[in-house]
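In: Need coordinates for the following:
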Amino acid sequence: MIYNALDRIPLLGMGQLALETWAVAHGQAAFRGRQIHEWMYLKGERDIESITVLPKSWREQLIMANIQLGRSRELQRQISSDGTIKLLLQSTSDSETIETVGIPTAQRLTVCVSSQAGCPMACQFCATGKGGLQRSLLTHEILDQVLSIRRVMDRRPTHIVFMGMGEPLLNIEAVLESIQSLNDDFGISQRRITISTVGVPRTLPLLAELALKRLDRAQFTLAVSLHAPNQSLREKLIPSATAYSLDNILEDCRHYLAITGRRVSFEYILLGGVNDQTFHAEELADRVSGFQSHVNLIAYNPIDDEVFKRPNIFRIERFLSILKHRGLSVSLRASRGLDKNAACGQLRRR
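Out: Residues are numbered from 1 along each chain as shown. Next comes the predicted model:
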């Protein structure tokens with residue numbers, strides 16, 4: 001059997017039907033594709049050689065042809081005092097490094113996945129953007145993070161958040177392909193998946209339309225990072241905001257809501273003395289009141305090289321109370337993995 005360049009595409013990310021077709025195209029019965037699917041997704045095997053249910057002669061052919069499942073190599077593992085685990089993974093294709101985080105509770109295991117190696121958005125309060133962008137991740141590199149956390153924590157992930165390294169809307173195709181696989185191959189419903197974005201011009205309506213086209217539905221949660229109640233302050237915190245005004249973001253969010261019927265979550269990192277004052281809370285309420293949305297407050301997680309401070313509990317509770325009093329749906333996200341730099345905004349591939 002001759003293997004061409006297309007065969008060099010990793011198998012991780014291919015669904016059962018695609019793997020059946022692939023097996024038949026390489027002289028095997030369709031059920032061999034189902035076996036690969038089971039051993040790759042359910043058993044979490046890392047390479048062809050480990051799928052011992054396949055005929056030895058065919059495994060040897062695949063190994064000789066350098067057919068890969070698309071799994072990464074674990075470089076480092078850090079375990080926080082609260083049970084959160086951060087993994088530093090290395091791609092087998094070009095040795096690029098990726099961080100992913102597993103966040104456990106009694107009822108769920110959330111995997112915080114990266115969509116890019118590094119990030120180009122350079123938000124002032126986020127460690128990831130300090131090193132810039134190396135490249136966007138491929139579908140199998142995103143899915144591998146979920147399998148890696150599952151293996152290390154020996155638990156089935158229940159929720160996925162695209163809140164790791166990178167800007168997901170600069171890698172829409174791979175993100176949507178990953179969601180398709182998470183639905184079909186991992187059994188994780190869209191309603192348990194969140195895509196977080198700081199905002200990229202003209203992409204929110206596109207995300208909605210592509211999701212309906214590619215996935216037949218758009219039931220995942222969209223989380224838009226605002227972090228400021230007005231344009232001038234937002235530009236100081238988020239350099240890319242100069243090209244995408246707050247008014248335009250909110251207008252695109254309304255368009256997204258109209259297309260999908262799904263409410264939007266607004267992320268707001270509270271920076272001590274910067275955006276956590278009473279008038280900031282009132283201004284934010286003015287911006288999003290009457291909008292079908294949820295506000296998710298996050299106390300700043302400290303990073304090196306920045307002078308921002310985490311606000312005290314009084315200011316956090318006051319901000320939260322004002323938004324609730326104004327009738328907004330609002331919650332405060334607990335910081336997990338803080339002692340191992342695994343919390344929101346701290347991923348830096350160290």
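In: Helices of the stretch 201-350 of the chain, start to end?
Out: 204-215, 231-237, 246-260, 278-288, 313-325 (DSSP state H, counting those that start in this stretch).
In: Of those, which is nearest R71?
Out: helix 204-215 (24.6 Å; Cβ to Cβ). For the C-beta atoms, the positions are set from N, CA and C on the backbone; glycine is no exception.
In: Would you point out which residue is most central in the chain?
Out: Nearest to the mean C-alpha position of the chain, by Cα atoms, centre = their mean, lies F162 at 1.4 Å.
In: what does the model give that one for pLDDT?
Out: Looking at F162, its pLDDT stands at 98.
In: swap in E306?
Out: Per the predicted model, pLDDT is 66 at E306.
In: Ok, S95 next?
Out: Listed pLDDT for S95 reads 89.
In: Pretty sure it sits in a strand.
Out: No - according to DSSP: H, G, I helix; E, B strand; the rest coil, S95 belongs to no strand; its state is coil.
In: how far away is it from L89?
Out: Here the criterion is Cβ to Cβ, to the nearest Å. By it, S95 lies 11 Å from L89.
In: what does E141 give?
Out: Separation of E141 from L89 (Cβ to Cβ) stands at 8 Å.
In: more neighbours, the two?
Out: Applying other Cβ atoms under 10 Å to E141 and L89 shows that E141 carries more neighbours, namely 29 against 24.
In: just to revisit the earlier point, identify the contacts common to E141 and L89.
Out: S72, I98 (Cβ atoms under 8 Å, 6 or more residues apart in numbering).
In: Where does L87 sit, in terms of helix or strand?
Out: If you go by DSSP states H and E, L87 is part of strand 85-90.
In: That strand packs against which elements?
Out: strand 73-79, strand 97-104, helix 139-153 (3 or more Cβ pairs under 8 Å, 6 or more residues apart in numbering; DSSP states H and E).
In: Out of those, flag the one nearest K324.
Out: For K324, the closest of the helices and strands packed on strand 85-90 is strand 97-104, at 25.1 Å, according to Cβ to Cβ.
In: before we move on, the earlier item: just the buried positions in the strand holding L87, please.
Out: Of all the residues in strand 85-90, those buried under the rule 16 or more other Cβ atoms under 10 Å are I85, K86, L87, L88, L89, Q90.
In: Show me the chain divided up by domain.
Out: Using automatic domain parsing, the domains assigned to the chain come out as 5-64, 73-340.
In: So which of these is the most surrounded?
Out: domain 73-340 (a mean of 19; mean count of other Cβ atoms under 10 Å).
In: which residues in the chain form strands?
Out: Using DSSP state E, the strands of the chain run over 73-79, 85-90, 97-104, 109-112, 116-118, 133-136, 159-162, 193-197, 221-225, 264-270, 293-299, 330-333.
In: Could you export those strands as TSV, including distance to L215?
Out: Shown next, in TSV, are the strands of the chain (distance: least, Cβ to Cβ, whole Å):
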stretch	distance to L215
strand 73-79	30
strand 85-90	26
strand 97-104	22
strand 109-112	19
strand 116-118	21
strand 133-136	19
strand 159-162	14
strand 193-197	10
strand 221-225	14
strand 264-270	18
strand 293-299	22
strand 330-333	26
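In: do you know which of these lies nearest H37?
Out: strand 159-162 (19.5 Å).
In: and the closest one, how far from the chain's centre?
Out: How far strand 159-162 lies from its chain's middle: 5 Å, per Cα atoms, centre = their mean, to the nearest Å.
In: packing partners for that strand?
Out: Using 3+ Cβ pairs under 8 Å, 6+ apart, the elements in contact with strand 159-162 are strand 109-112, strand 193-197.
In: which neighbours does the longest one have in its sheet, and in what orientation?
Out: Sheet neighbours of strand 193-197, with direction, are listed as strand 159-162 (parallel), strand 221-225 (parallel) (DSSP bridges).
In: Now do that strand against strand 264-270, angle only.
Out: Here strand 193-197 points in a direction 60 degrees away from that of strand 264-270 (axes from the mean of the first three to the mean of the last three Cα atoms, to 10 degrees).
In: L297 reaches L271, doesn't it?
Out: No - proximity of L297 to L271 does not meet the contact threshold set by Cβ atoms under 8 Å, at 11.5 Å.
In: Wait, D47 touches R71, no?
Out: Yes - counting by Cβ under 8 Å, R71 is a contact partner of D47 at 6.8 Å.
In: re earlier: tell me which of the helices and strands packed on strand 85-90 lies nearest to R262.
Out: The closest of these to R262 is helix 139-153. By Cβ to Cβ, the value is 21.4 Å.
In: if we look at the closest one, which residues are touching it?
Out: With Cβ under 8 Å, 6+ apart, helix 139-153 has contacts from 10-13, 41, 44, 69-72, 74, 77, 85, 87, 89, 91, 98, 100-102, 104, 109, 111, 113-115, 156-157, 160, 164, 174-175, 177-178, 181-182, 186.
In: where's the residue nearest to L226 when sequence neighbours are not counted relative to Y244, distance?
Out: Take L226 and drop its neighbours on the chain: the residue closest to it by Cβ to Cβ, 6 or more residues apart in numbering is F266, 5.1 Å away. Going from F266 to Y244 by Cβ to Cβ gives 15 Å.
In: E49 now?
Out: Remark: distance between E49 and Y244 (Cβ to Cβ) = 48 Å.
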